[in-house]
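Peer 1: just to be clear, the model below is a prediction. Sequence and coordinates:
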Amino acid sequence: MKILISPDKFKGSLSAIEVCNALAKGLKKSNSSLDITACPMADGGDGSLQTINYYLNLKPVELLVNDPLFRPIKSTYYRSQKIAYIEMSSASGLVLLKEEERNCMFTSSFGTGELIADAIQKGATTINLFIGGSATNDGGIGIASALGYRFFDACENLLSPIGQNLLLINRIDDSEVLFKTKEVQVKVICDVNTLLYGKNGAAYIYGVQKGASSIEIEQLNQGLVNLSSKLLEHDLPNISDIPGAGAAGGVGGGAFAFLGAQLLSGIQNFIEITQLETLIKECDLVITGEGKLDIQTEEGKVISGVCQLAKKNKKPIIAVCGDVDLPISKSLELKKVYTVLSKSKSVEEAIAKAAEKLVLIGHEIGVKFCKHAKKPSIQ
């Protein structure tokens, strides 16, 4: 029996590769003859580059850049010939800040722009930018500033590229931009289809988790409205109604406007890299998973993408998650959902002992769903 294990990471606990290994160990305990293929996945969020490195032989480039609060920090991006792979969270991520430091009114994506600038300077002609896990709501003006754009208020004061100043932008100067969009292809890989502004926009959806108060969220939202308006005044693209423009606090839209970027679905990008559909066609059972199965799962997350392909190819699929919000969408057509939390006494134990619990779950899946698989003969 051929089993495909194709999960995302369990954020704050295990990488996608570690999830695969733990489940495979449990499955093998139930039946050593099982034919198991590991296909770790990602959707463009933080941790995507670790998964990409599982498939591609990339060269790391270490660089000193600015963190979200303009403090020096060592960050790393990756290269393969003239292609650069950059993860926004490594320079502008929420994980880089202490709880009390998190407020996207004052954070910037500038450090991510520095990584992009370095890659271009070193000869990269294609930039793959993974924008999950950001600490910012600056509409991408931080990235743009690092690449030569300048933003001025009505009194011609140069503005620091932070969320708070979006509302003050009056003039955008591109006279010192460091690259030509026709010479560098930028691909932005994200895991959400959030719009730039409005009740379903960047500030309202993600502002709270990035430390903004309700009053600040409204100010940030109006700042993104202003940015969109000023882009049009300066003959830059309209980003007000582009799905994904609000990803990473508006970096999706900012990259589209300032860098001429393409916005790509993270899960679709990984489906292509891994040739996932071919693997699904060749297996008898699919196991997927992620840290939490909830209302956002169907909006471009790993489980959703894997389930779609499993349904298309009429393969049974099981999900293994850290936790789950009920009810589970019937459209996913999951035969069973296992959770690490159900095997644990607390959330803390579920996080600390996730690998151990996944081995147990893997064994349980093997016993329940693989009982007709051929057992090895005793010589």
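Peer 2: Perfect, I can see it now. The structure presented is a predicted model; accordingly, all values stated were derived computationally and were not measured.

Peer 1: tell me the spacing between the residue positioned nearest the centre of the chain and Leu63.
Peer 2: For the chain, the residue nearest the mean C-alpha position is Gly45 (1.2 Å; CA atoms, centre = their mean). Separation of Gly45 from Leu63 (CB to CB, to the nearest Å) stands at 22 Å. For the C-beta atoms, the positions are set from N, CA and C on the backbone; glycine is no exception.

Peer 1: from memory the residue nearest to the centre of the chain sits against Phe270, does it?
Peer 2: No - counting by CB atoms under 8 Å, Gly45 sits too far from Phe270 to count as a contact (10.8 Å).

Peer 1: was I right about Leu27 contacting Ile3?
Peer 2: Yes - in terms of CB under 8 Å, Leu27 counts as a neighbour of Ile3; the distance is 6.4 Å.

Peer 1: compare those two and say which is more crowded by neighbours.
Peer 2: Leu27 (28 against 25; other CB atoms under 10 Å).

Peer 1: hmm, Phe47 is touching Gly12, no?
Peer 2: To be clear, residue 47 is Gly; Phe isn't right here. No - checked against CB under 8 Å, the pair Gly47 and Gly12 is beyond contact range at 10.3 Å.

Peer 1: the two: which is more packed in?
Peer 2: Gly47 (22 against 10).

Peer 1: what's the closest non-adjacent residue to that one?
Peer 2: Leaving aside its chain neighbours, Gly47 sits nearest to Lys9 (4.8 Å; criterion: CB to CB, 6 or more residues apart in numbering).

Peer 1: contact partners for the one you found?
Peer 2: By CB atoms under 8 Å, 6 or more residues apart in numbering, the contact set of Lys9 is Ser15, Ala16, Val19, Ala42, Gly47, Gln50, Thr51, Glu290, Gly291.

Peer 1: on the three-state scheme, Asp323 is what?
Peer 2: Secondary structure assignment for Asp323 (DSSP: H, G, I helix; E, B strand; the rest coil): strand.

Peer 1: is it correct that Ala248 is in contact with Cys190?
Peer 2: Yes - in this structure Ala248 lies within contact range of Cys190 using CB under 8 Å: 6.8 Å.

Peer 1: now the common contact residues for those two.
Peer 2: Contacts common to Ala248 and Cys190, judged by CB under 8 Å, 6+ apart, are Ile131, Gly132.

Peer 1: who has more neighbours, those two?
Peer 2: Ala248 (38 against 30).

Peer 1: name the helix or strand for that one, please.
Peer 2: Here Ala248 sits within helix 247-259, counting by DSSP states H and E.

Peer 1: buried sites along that helix?
Peer 2: Using 16 or more other CB atoms under 10 Å as the test for burial, helix 247-259 gives 247-259.

Peer 1: ok, now stretch 150-162?
Peer 2: Neighbour counts over stretch 150-162 (16+ other CB under 10 Å) mark Arg150, Phe151, Leu159, Ser160, Pro161, Ile162 as buried.

Peer 1: which one is the first one nearest to, not counting chain neighbours?
Peer 2: In other words, Arg150. In space, and not counting its chain neighbours, Arg150 is closest to Asp173: 4.3 Å by CB to CB, 6+ apart.

Peer 1: okay, now that neighbour: neighbour count?
Peer 2: Asp173: 13 surrounding residues under other CB under 10 Å.

Peer 1: so how far is Asn165 from it?
Peer 2: From Asp173 to Asn165 the distance is 15 Å (CB to CB).

Peer 1: with Asp174 instead?
Peer 2: From Asp174 to Asn165 the distance is 18 Å (CB to CB).

Peer 1: name the residue in those two with the higher neighbour count.
Peer 2: Asn165 (22 against 14).

Peer 1: right, and the more buried one touches Phe152 too?
Peer 2: No - with contact defined as CB under 8 Å, Asn165 does not reach Phe152; the gap is 10.3 Å.

Peer 1: who touches both of the two?
Peer 2: Leu159.

Peer 1: residue ranges for the strands of the stretch 201-350 of the chain, please.
Peer 2: Secondary structure of the stretch 201-350 of the chain (DSSP state E, counting those that start in this stretch): strands at 262-265, 285-293, 317-324, 336-339.

Peer 1: deepest-packed of the ones you listed, please.
Peer 2: Comparing these by mean neighbour count (mean count of other CB atoms under 10 Å), strand 285-293 ranks first with a mean of 25.

Peer 1: if we can go back for a sec, what's the farthest-apart pair in the buried residues of stretch 150-162?
Peer 2: Checked with CB to CB, the buried residues of stretch 150-162 reach their widest spread between Arg150 and Ile162, with 14.2 Å between them.

Peer 1: what's the closest non-adjacent residue to Pro7?
Peer 2: Using CB to CB, 6+ apart, the nearest residue to Pro7 is Gly289, at 3.7 Å.

Peer 1: does the one you found have beta-bridge partners, and which?
Peer 2: Legend: beta-bridge partners of Gly289 under DSSP bridges are Pro7, Val320.

Peer 1: need the pLDDT of the closest residue to Ser30 other than its chain neighbours.
Peer 2: Setting aside the residues directly before and after it, Ser30 is nearest to Gly366 in space (CB to CB, 6+ apart), at 2.7 Å. On the pLDDT scale, Gly366 is placed at 94.
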